[in-house]
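In: 3D, please:
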Amino acid sequence: MSKYVITKTLNNNVIICTKNHQEVVLIGKGIGFNKKVGMTVQENASIEKIYKLEQQEQQEHYKTLLELGEDHVVQAVIESVNIINESGLITDDKNLVVALTDHIIYAYKRLKQHQMITNPFVIETKHLYSNAYNVARKVIDKLNKTLDVHFPEDEIGFIALHIASNSEKLSIHDISVINKLINKSITIIETDLQHSIDKQTIQYQRFIRHIQFLIYRLTKGEYLEAQENFISMIKTMYPRSFNTAYKILKMIQREFSVYVYEAEIVYLTLHINHFEVQISSE
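Out: Presented below is the predicted three-dimensional model:
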């Protein structure tokens with residue numbers, strides 16, 4: 001039977017081992033209790049997770065994080081990763097576990113010090129990545145119960161971003177850029193219409209989803225098509241919304257340094273006009 005040789009015990013739940021000259025992180029409840037360097041662990045022991053991170057720098061960072069975390073916090077992270085794995089949203093949790101460990105350990109420390117960070121994109125994240133958001137809510141509920149704390153909804157948004165980043169093959173940076181551009185777009189609309197946009201409406205959800213896929217198309221070099229006479233008709237029928245859509249597309253064009261085809265303005269105009277009609281009927 002294959003064995004792991006202990007090279008370091010981080011806490012009761014985490015040990016560093018070697019097997020076939022490969023360093024791995026073993027995680028399991030009580031797996032490190034009364035264990036010392038040089039002892040062996042059977043492969044069928046109470047191992048919940050085995051992490052063999054490909055990059056040495058990533059491996060060292062993860063070990064440092066685990067040493068920083070208290071036993072019950074590390075166990076809470078393990079349970080959080082299990083919840084996400086069981087959701088079926090991700091296929092490989094190696095990158096997620098490092099990011100999530102980092103986030104939860106420091107979020108817990110900030111919460112204890114009353115230094116929580118505000119998440120300005122909670123609503124956008126909730127609408128754009130609803131599946132990830134629902135799983136993140138379960139994670140936060142579990143953390144609140146396990147750690148006897150109360151994380152604010154901002155943290156659900158942050159955890160959801162980590163899940164979405166892993167499941168949608170986008171970086172946290174890419175998702176943040178999309179959220180910022182959505183916020184800038186809404187600011188342009190609210191300024192032109194001189195009215196705030198209700199972010200709880202179906203129309204808002206449709207709009208931000210449209211912006212999301214618009215950005216996806218631009219980054220992939222794809223584009224929508226529309227007949228020239230249809231573009232002219234929309235411009236004549238909805239001049240105010242058309243002008244606002246033009247501003248938004250120019251802003252996005254500057255951000256990505258790409259050409260935005262005129263057809264895009266048609267569909268964006270229709271979304272903005274829905275806001276205008278909604279406001280007029282209030």
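In: pLDDT score for Ile6?
Out: Per-residue confidence (pLDDT) for Ile6: 90.
In: Checking it next. Helix, strand or coil?
Out: Following DSSP: H, G, I helix; E, B strand; the rest coil, Ile6 is assigned to strand.
In: measure it to Tyr51 for me?
Out: Separation of Ile6 from Tyr51 (C-beta to C-beta, to the nearest Å): 15 Å. The way it works is simple: take the backbone N, C-alpha and C, and place the C-beta from them, glycine included.
In: now Thr244
Out: Going from Thr244 to Tyr51 by C-beta to C-beta gives 49 Å.
In: the more surrounded of these two?
Out: Using other C-beta atoms under 10 Å, the more surrounded residue of Thr244 and Tyr51 is Thr244, with 25 against 21.
In: Nearest residue to the more buried one in space, ignoring adjacent ones along the chain?
Out: Leaving aside its sequence neighbours, Thr244 sits nearest to Asp192 (C-beta to C-beta, 6 or more residues apart in numbering; 4.5 Å).
In: which residues does Ala245 contact?
Out: Residues in contact with Ala245 (C-beta atoms under 8 Å, 6 or more residues apart in numbering) are 265, 268-269, 272.
In: of those, closest to Glu282?
Out: When those are compared for distance to Glu282 (C-beta to C-beta), Ile272 comes out closest, at 16.2 Å.
In: isn't there a strand covering Thr9?
Out: Yes: according to three-state DSSP, Thr9 belongs to a strand.
In: wait, it sits on Lys35?
Out: Yes: contact criterion C-beta atoms under 8 Å: Thr9 and Lys35 qualify, at 5.2 Å.
In: quick one: common contacting residues for those two?
Out: In contact with both Thr9 and Lys35: Ile15, using C-beta under 8 Å, 6+ apart.
In: Now stretch 112-119: buried residues?
Out: For stretch 112-119, a neighbour-count test (16 or more other C-beta atoms under 10 Å) marks Asn119 as buried.
In: pLDDT on that stretch, on average?
Out: Stretch 112-119 comes out at a mean pLDDT of 84.
In: With stretch 140-154 instead?
Out: Stretch 140-154 shows an average pLDDT of 95 in the prediction.
In: hey, where'd the helices end up in this protein?
Out: Remark: helices assigned in the chain by DSSP state H are 56-68, 71-87, 94-112, 122-128, 130-147, 153-167, 172-193, 202-220, 228-237, 239-256, 263-280.
In: That concludes my questions; thank you for your assistance.
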